[in-house]
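Novice: Structure, please.
(2 chains)
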Amino acid sequence: MRAVLIVLLLLCPAWGSHSRKEKPAVAPPPDLLLEGGRKLLYQRAFSSERDVRKKPGFFGKMLNIIAGEPDMHALVRPYSIAVDSRGRAIITDPGADGIHVFDFPQQKYKFIERRDKGKDSMRSPQCVAVDAQDNIYVTDSEVGKLFVFNADGKYQRVIGSLKGGEGYFKRPTGIAVDSAAKMIYTTDTLRDKIYVLDFQGNVVRTIGHRGSGNGEFNFPTELKLTDQDLVVVDALNFRVQLLDRSGTFRTSIGQLGDASGTMFRPKGVAVDSEGHYYVADGLWGVVQVFDSEGRLLYYFGKRGTAAGDFQLPAGVFIDHGDRVFVVDSYNRRIQVFQYVGSNKQAGKTL
Amino acid sequence: MNRRIQNLCCFVAGVLLLALPSAAQIEVGDNVNLGLAGEISAGYTGNSGNGSSNNSAHSLDFGGSGSLHGYYYNPQFLSFQVQPYYNRSQANSAFQSINDSSGVTGTANIFGGSHFPGSVSFLKNYNTLGQFGLPGVTGLSTNASGKTLEFNWAALFPNRPTLNVSYLLGGEDSSVYGSDSQTHLNTRTLNVRSNYLLDGFLMDAFYIHQSLHSSFPSILDPSGVLLNSSQQQGGNSSIGFMASHQIPLRGYWSANVTHSSYDSNTEGAGFNSSSNGSSNSINTTASIQPVRNLGMSVGATYQTNLLGALQAQIVQAGGNPALVNTDTSSKGVTLRADTYYQLTSYITLNGQWNHTQQYFAGKSIGITQFGGGIFTHFSHRLLGSLTFSVGAVNTATQEGNSGAGFYGNVAFSRKFSGWETGAEFNYAQQVQTLGIIYTTSVYGYGGTLRKRFGDKFYWSNSARETRSGLAQHEGTNSHADSFSTTVVYGGYSANAVYSQSAGAAILTSQGLIPVPSGVPNPLVTTPVVYNAKSYGGGLSATVKRFSFTASYAKALSETTTTTFSNNGTTMWNGLFRVRMRKLYFNAGVTRFEQRVGTVGAPNSVLNSYFVGVSRWFNVF
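Specialist: Residues are numbered from 1 along each chain as shown, chains lettered A, B, ... in the order given. You can find the predicted model right below:
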């Protein structure tokens, strides 16, 4: 009798707590209808391991009641995102000192970290890129190195680690990988340069120097590679520069200002299948979309916490299906939109 | 039996509190915000020992703890927190150890953002693991039960005098393991304080009254008479007024007037002593800084009933004063002046002079002290940081010169190849106390040594020794030494501590406390001479979901009053935990031994173990 009472006592708070943790329904923002039948649809947001795990079955629910729900990783201060060929969202999180891998197709989650690893510990993962084999490349702005993990999240090597443990880079931030040419592009924000490295970590060349002219940088941050261009967020020149692979200036987008089409705190950048440039502005809480001539096409979002709103948006990534992933950093979530171009149907959902 | 019923009622109330608000929370409305979390546990416990209450036993047992907190309307309007616990050792977080403690604590704050904020706090516990204190070392383990009720209230208006009132009711009953003697303490304390800023005058007034009723244990004097289960009833009061104001030349003036009184009545087997008295003190100080690197101050103090003021310190500490203080005619006046001059950015010179005249038992005694010193602070990127001061004071009475005293302080810190080092030394000779015929000397030194090896490995050490005593009285010297070392490697750590102390102490219901500095032993009824040491160590490891801790502690003490007492405590503890989500699987073992009293007295032994499971939860 006493044992039964004890078991009941152990379980009753769990029942009580389990039934009250339903999330309130979130009203999605209205679809954004654009010229030429194009539109931008809000898909969803995700913020923790709980969003990717499949729902527990009967025994899983029983285990949850008895032992409690397992600890779930959650986004703390996400910054950058990349989506690999398997559809996995890979998100750097300097607040959690690690990298979240949300595998929605497989309903799996993985957290990559390198703490207490001596001189090659990862302390502040900043930006992320993947190569054709889905290897993960991450810049660490604090230790001044690049970390490479394989597709399973296993540590492969570190690039830029000097003898004695110091990092070669002053503050590496943006990163992009050219798998065909076997080159790695990374911005060193404090040196106002882009370093081009081979896969062994040797510096092949550098691009740019401090200044405000064409091809010059003032604290460059995010990087993206398109078929032809190298897209660089030139943060304190308040613009996005387009260079060719050799570093020759082609054109720039944006200027300082507080009106639509101008930039104040440009953060992440991405390019969709129609060659439009998506630039997140951290201060205004919007993502502005430009064509290749630098003309503003439209923007979406506003400062706030509701679905479709942003607070300190940072990284942006657009996958092959034109799904737009925006890192909503201060709201600790990733918001996903579907861009539907002219004569196209909405793509798959997560 | 009554205790069991009390415990059961407490547990049932706790469970109701923890489990049922899940339904109640839905219906509390918009103005109530509640949070509830806690832990409940069940397990198999066994123990064996040689004490009368510690016969071998084993049982399936359960326990838990909870925390209910919330507010009504707004946290500043009414907020509260209630924390019940049952069958938990709150002292070391190891539940179902040698003390299966139960109790509840609660706090409520009301009108926090208003002109009349107030709070009520409550504590009641049973069967907790307490300590009968020994100066400088680990004390003797006790089984204690206590309760506290405290009220605080204030009236706060801008540009008006403030008023703060607090009233505390406290009580504790405890028994030392290995002894049949019981100790008891009941205290009541009223504290009223007000301050006001008027035309640049900052004024502060206070009234404090404390009364206590306590019984002293006989453990340190098993065959004696004076301390054998004696009881003390007494109290002390203080009322005072302070004022301060800025004066020209970047100066500052302050003055305070205090009236203090005490009374104490102690009864024991075959003796009865009572003591009471009152004293007044007036103190004023003025300081100026005419130029940036020169400062001067002068001051005066007037004190009545010098012996009474010393005895009041013993009563405030919870001890038993020796003298029936009927002589209130003694008084003293002290005049003092000091100055400093900053020679360079890192060298400062200082000088001081004071004269004290005391009237005691129809005699007038005067003493003059004067001296000077140098203070320097040096900091260099390579050489580290060095602070150094030294000085000398000459003392003369009307009978002649009684010699020079010296004082000095040295503090040093520097990093050598990753080793963080620190050392300090202080010395003071012939420091004047309240009684003109008494001076104290004290010195102490210590050091720290730390180093980090890579990201995981950390080693830290510290050591310190202090010695002090009244120059004019033998048997008042005391010293304390301590040493500790800690090694941390990732999730593993080990530590060891050693401490040793000796001197004279006052017996209180809560343990021995050192005789207050400057109070000569003859003013204490049967001062306890103690010599004690304790040492121990611990290991802990946390690897993923597994954690393990083990500790060992041993304390040995000898005390001398009218008789000699030899005491010893040994405690082994081990705890192993595995976490699975919100479940913990726990296993622990404890061995406890304590000997109190005469040499060869039998040890009180208790062995206990437990295996169980606990689950924590956040209900809302």
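
Novice: Leaving out chain neighbours, which residue sits closest to the residue in the stretch 201-350 of chain A that chain B sits nearest to?
Specialist: Relative to chain B, the nearest point of the stretch 201-350 of chain A is residue A:332 (19.2 Å; Cβ to the nearest Cβ). (Glycine included, C-beta is placed from N, CA and C.) Nearest residue to residue A:332 in three dimensions, chain neighbours excluded: residue A:75, at 4.7 Å (Cβ to Cβ, 6 or more residues apart in numbering or on different chains).

Novice: and the one you found, how far is that from residue A:122?
Specialist: Residue A:75 sits 17 Å away from residue A:122, taking Cβ to Cβ, to the nearest Å as the criterion.

Novice: Run a quick check on residue B:577 versus residue B:610, I expect a contact.
Specialist: No: between residue B:577 and residue B:610 there is no contact under Cβ atoms under 8 Å: 11.8 Å.

Novice: residues in contact with residue A:156?
Specialist: By Cβ atoms under 8 Å, 6 or more residues apart in numbering or on different chains, the contact set of residue A:156 is A:135, A:148, A:149, A:150.

Novice: Now for residue B:429, how many residues are close by?
Specialist: 18 (other Cβ atoms under 10 Å in any protein chain shown).

Novice: Skipping its backbone neighbours, what lies nearest it in space?
Specialist: residue B:405 is the one closest to residue B:429 (Cβ to Cβ, 6+ apart), at 3.9 Å.

Novice: Can you tell me the number of residues neighbouring that neighbour?
Specialist: For residue B:405, using other Cβ under 10 Å, the count is 21.

Novice: Help me confirm that it is found in a strand?
Specialist: Yes: assessed with DSSP: H, G, I helix; E, B strand; the rest coil, residue B:405 lies in a strand.

Novice: Report the beta-bridge partners for the residue nearest the centre of chain A.
Specialist: Residue closest to the average C-alpha location in chain A (Cα atoms, centre = their mean): residue A:81, at 1.6 Å. Here residue A:81 sits in beta bridges with residue A:91, going by DSSP bridges.

Novice: For residue A:173, see how far away it is.
Specialist: 14 Å.

Novice: right, and residue A:300 touches residue A:338 too?
Specialist: No: in terms of Cβ under 8 Å, residue A:300 does not count as a neighbour of residue A:338; the distance is 11.9 Å.

Novice: since we're on residue B:456, how many residues are nearby?
Specialist: Counted with other Cβ under 10 Å, the neighbours of residue B:456 add up to 14.

Novice: got a list of what it touches?
Specialist: Residue B:456 sits next to A:116, A:118, B:488, B:489, B:490 when contact means Cβ under 8 Å, 6+ apart.

Novice: Give me the phi and psi for residue A:306.
Specialist: Torsion angles at residue A:306 (phi, psi; degrees, to the nearest 10) stand at phi -70, psi 170.

Novice: wait, isn't it in contact with residue A:29?
Specialist: Yes: counting by Cβ under 8 Å, residue A:306 does reach residue A:29; the two are 7.4 Å apart.

Novice: So between the two, which is more surrounded?
Specialist: Between residue A:306 and residue A:29, counted using other Cβ under 10 Å, residue A:29 has the larger neighbour count: 18 against 11.

Novice: can you map out the helices along the chain?
Specialist: Looking at chain A here, since you left the chain open. Along chain A, counting by DSSP state H, helices occupy A:2-18, A:58-67.

Novice: other chain: chain B
Specialist: Under DSSP H, chain B gives helices at B:2-19, B:21-24, B:306-316.

Novice: For the ones you listed, which has the smallest mean pLDDT value?
Specialist: Lowest mean pLDDT within the helices of chain B: helix B:21-24, a mean of 38.

Novice: which residue does the stretch 151-300 of chain A bring closest to chain B?
Specialist: Counting by Cβ to the nearest Cβ, the stretch 151-300 of chain A gets nearest chain B through residue A:165, at 9.8 Å.

Novice: That residue reaches residue A:119, doesn't it?
Specialist: Yes: at 3.0 Å, residue A:165 counts as touching residue A:119 under the criterion of Cβ under 8 Å.

Novice: So the two - more neighbours on which side?
Specialist: residue A:119 (16 against 13).

Novice: Report the mean per-residue pLDDT for stretch B:445-457.
Specialist: The model assigns stretch B:445-457 a mean pLDDT of 89.

Novice: With just CA atoms, put that stretch into CSV.
Specialist: Extracted in CSV, the C-alpha atoms of stretch B:445-457 (Å, rounded to 0.1, in the frame of the first residue of the first chain):
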residue,chain,number,x,y,z
TYR,B,445,50.5,36.0,8.0
GLY,B,446,49.2,34.0,5.1
GLY,B,447,49.6,33.3,1.4
THR,B,448,47.9,31.9,-1.6
LEU,B,449,49.3,29.9,-4.5
ARG,B,450,47.3,29.1,-7.6
LYS,B,451,48.1,27.8,-11.1
ARG,B,452,46.0,26.8,-14.1
PHE,B,453,47.5,24.0,-16.2
GLY,B,454,45.8,24.1,-19.6
ASP,B,455,42.0,24.4,-19.8
LYS,B,456,41.2,21.6,-17.4
PHE,B,457,43.7,21.4,-14.6
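
Novice: Buried ones in it, by neighbour count?
Specialist: By neighbour count on 16 or more other Cβ atoms under 10 Å in any protein chain shown, the buried set for stretch B:445-457 is B:446, B:448, B:449, B:450, B:451.

Novice: chain center to that stretch: distance?
Specialist: Here stretch B:445-457 shows a centroid-to-chain-centroid distance of 28 Å under the convention Cα atoms, centre = their mean, to the nearest Å.

Novice: Ok, stretch B:593-609 next?
Specialist: 27 Å.

Novice: List the contacts of that stretch.
Specialist: For stretch B:593-609, contacts defined as Cβ under 8 Å, 6+ apart pick out B:45-51, B:54, B:96-98, B:140-141, B:176-179, B:219, B:222-223, B:563-571, B:587-592.

Novice: Distance check, the spatially closest residue to residue B:358 that is not a sequence neighbour against residue B:300.
Specialist: Once flanking residues are discounted, residue B:358 sits nearest to residue B:332: 3.8 Å by Cβ to Cβ, 6+ apart. Plainly put, residue B:332 is 11 Å away from residue B:300 if you go by Cβ to Cβ.

Novice: Settle it for me: which of the two has more neighbours?
Specialist: More neighbours surround residue B:332 than the other of residue B:332 and residue B:300, with 22 against 16 (other Cβ under 10 Å).

Novice: Check what pLDDT that one gets.
Specialist: 88.

Novice: Residue B:427 now?
Specialist: 86.
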